[in-house]
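Enquirer: coords below, sequence missing:
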C-alpha cells in the first residue's frame, strides 16, 4: 500500500485555486504524491512471507510473536495490515477471512469436493493467488494467480500483477478455459472469486463452481502446496529486480515444474506427462505453457 506526502509546499495566503493556477498543477498534484514503501517495510514483509510459507498455520498473533522474538519492533496491528495487503491468512479452522481478499457476502456456491478425489485430468481445477516478493530496493511487490489441475498437479495457466485488481484473475481464467474445460472449478470465497465477472465466465463455460467452506483449510490444499514449492524452489532463490525479470524467471520455473520436475505424488512422473496422457486432451498437448502468463499492467513493456 502506498503512503502519501505533500508534493509541493503550499503558498501562504493563496487559495487552492490560485496556487494551482500559479503552479500549473491540478489540486491533487499540488498536495500529494505517492511514496513507495520504505526498505524497512519491504524487509518486514519479506520476513512475514518467509514465516508464513514455513508455517502457514501461523496467524497474525504467532507471526507477531516470532518477529518480536527476532528483535523486530512491530505490533500485531501492523502485521495484520501487512498480511492483508499480501493476501495471507492462517490456514487453520476458524472464522478467518478468505485468503487474498475480504469476503463481501457468503457464497451461493457450495463446496462440491467433500469426499471427492480428482480421478482424471480436468476433473477438478483449483485457483488461488499469492504474494511474490521483490528485491529490497524495488518499491513494491507482485501477486501471482494460478489455475491448477488437481489430478496431475499441472499448472494450466497463471498471471502476474502489481496490484490485487480483478483483471489478472480474469486473464488467468480465460487462458485456462482456452485449453480445456474442467468438470469442477474450486476456489476460496475471496472477492476475486465471488465476482460476477468470474463466476459468470465459469458458468458460461459449463463449469460446476465450487467454493471452500468458511474457515476450512484443506479445501484448496493442492494449491497451497504449489505456493510452498514455488516459494522455496524459485522465489526465495532469486532477487527479482523488476516485474519483467520476475515474470521471465517465474515463467521458466513453471515450465520446468510442468514439464521437467518429477513429482513424488505422481510416482515421479511430471505433471505434463500425467495431464497430457489422455488422448482427448490434444489441445493441452499442442499448447503447453512454455512462457507463462502476461503482466496485466499498463506500460508493462516499459519496465526493465
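Expert: Nice, thanks for sending it over. No experiment lies behind these values; they were computed from the predicted model shown.
Enquirer: domain assignment for the chain?
Expert: The record's domain parsing of the chain by automatic domain parsing lists 3-35, 39-86, 124-302.
Enquirer: Go through those domains and pick out the most buried.
Expert: Comparing the domains of the chain by mean neighbour count (mean count of other C-beta atoms under 10 Å), domain 124-302 ranks first with a mean of 19. Every C-beta, even on glycine, is put in place using the N, C-alpha and C of the backbone.
Enquirer: pLDDT averaged over it - what is it?
Expert: Average pLDDT, domain 124-302: 84.
Enquirer: thinking residue 75 is in contact with residue 65, fair?
Expert: No - using C-beta atoms under 8 Å as the test, residue 75 is too far from residue 65 to be in contact (11.1 Å).
Enquirer: Can you tell me the SS state at residue 37?
Expert: Following DSSP: H, G, I helix; E, B strand; the rest coil, the label given to residue 37 is coil.
Enquirer: what number of residues lie near it?
Expert: 18 (other C-beta atoms under 10 Å).
Enquirer: quick one, phi/psi of the residue lying closest to residue 121 once chain neighbours are set aside?
Expert: Nearest non-adjacent residue to residue 121, counting by C-beta to C-beta, 6 or more residues apart in numbering: residue 275, 4.8 Å away. Main-chain torsions, residue 275, degrees, to the nearest 10: phi -70, psi -40.
Enquirer: quick one: residue 275 and residue 58, what's the gap?
Expert: Look at residue 275 and residue 58: by C-beta to C-beta, to the nearest Å, they are 33 Å apart.
Enquirer: And the helices in this structure, which stretches?
Expert: Listed in chain order, the helices of the chain (DSSP state H) span 16-23, 27-31, 39-54, 60-69, 76-86, 167-177, 191-194, 196-204, 221-233, 243-259, 271-275, 282-286.
Enquirer: relative to helix 39-54, how tilted is the fourth one?
Expert: Counting by axes from the mean of the first three to the mean of the last three C-alpha atoms, to 10 degrees, helix 60-69 points 120 degrees away from the direction of helix 39-54.
Enquirer: What helices and strands are in contact with helix 60-69?
Expert: Packing partners of helix 60-69 (3 or more C-beta pairs under 8 Å, 6 or more residues apart in numbering; DSSP states H and E): helix 39-54, helix 76-86.
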